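what follows is a predicted structure for the sequence shown.
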Amino acid sequence: MDYIVLDIEFNGRKFASELPMEVIEIGAVRLDSSLAPVGEFSSMIKPVYFSKLNSFLKKKTGIQQEEIDSADGFVAVSERFRAWLGPSENFLLLTWGGEDMKRIVFDTRMHKLDDAYWMGTDYFDLLKGYLRCKGLTNDVSVEAALAELAIDASGSAHRALDDARMTAEVFRAVFAGLDLSLKQRFKDTYSNAKERRLVKNAIRTIRSQKQEPTWALLAEKFLTGKVDMDNAKKLDELRGYFEAELNKKA
């Protein structure tokens, strides 16, 4: 079993826009079964939208405009990355949070490529694993985890390969305390954390009023005006969350 520690950078923007964010850099470190580093992948990606990097992103990442201008596009880079991963399925992707997989899947779809490979690839959210291992409840950065583990950070934060290297160090340090059976696959979500909290709090409020929570009551009294009621996928997902919360109390 190989472990592939993945990190991506994407082109954030200063102001809200209908145009999509895009992956602009992929970095990955391959660890073998003994957790020894045996390979690396690094590539810039030229975006379709927001091709000019804003000053905030340049300062945050250190990426220069010339690097973006001379880079290949997502289609070519993603093909090279998949080739580097190899034909074998005997690897586990490791990410710090779920955003990296989301961005790769979304860019794959944006470029009208088949997303089956990524949807069928197992990954382990090391951030969640680290929090469980340390008994923490609030998210922490890779840099904070390294400091907690007394590991000297090297490289530049917010550059994909350097971040992947640092994440690999965290993985190696806490490996014995991780439950890798909690791996997962990317799943589309249509609701956000705020909306799911709204459902959870609504159930609590309804019960405090000595009423039996029903989906119809919750939707009418707590979701209307706060959630897009015309979004069928969002409502189906929230209803599933509602039912799961009720089962927890059963």
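Ah, there it is.

heading C-terminal from the helix or strand harbouring Phe56, find the next helix or strand.
Assignment of secondary structure by DSSP states H and E places Phe56 within helix 55-61. On the C-terminal side of helix 55-61, the nearest following helix or strand under DSSP H and E is helix 65-69.

for that following helix, which residues meet the burial criterion?
Buried residues in helix 65-69, counted by 16 or more other CB atoms under 10 Å: Ile68. C-beta: built from backbone N, CA, C; applies to glycine.

model confidence over that helix, on average?
Average pLDDT, helix 65-69: 91.

any residues touching the helix or strand just after it, and which ones?
Scanning forward in sequence from helix 65-69 by DSSP H and E, the next helix or strand is helix 74-85. Contacts to helix 74-85, defined as CB atoms under 8 Å, 6 or more residues apart in numbering, come from residues 4, 22-23, 26, 28, 39, 41, 43-45, 47-48, 71, 91, 104, 107-108, 110-111, 113, 117.

just to revisit the earlier point, using CSV, list the CA coordinates for the helix holding Phe56.
Output of helix 55-61 as CSV, limited to C-alpha atoms (Å, rounded to 0.1, in the frame of the first residue of the first chain):
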residue,chain,number,x,y,z
SER,A,55,-2.3,40.6,-5.4
PHE,A,56,-3.7,38.7,-2.5
LEU,A,57,-3.1,35.4,-4.1
LYS,A,58,0.4,36.3,-5.1
LYS,A,59,1.3,37.4,-1.6
LYS,A,60,-0.4,34.3,0.0
THR,A,61,1.2,31.7,-2.2
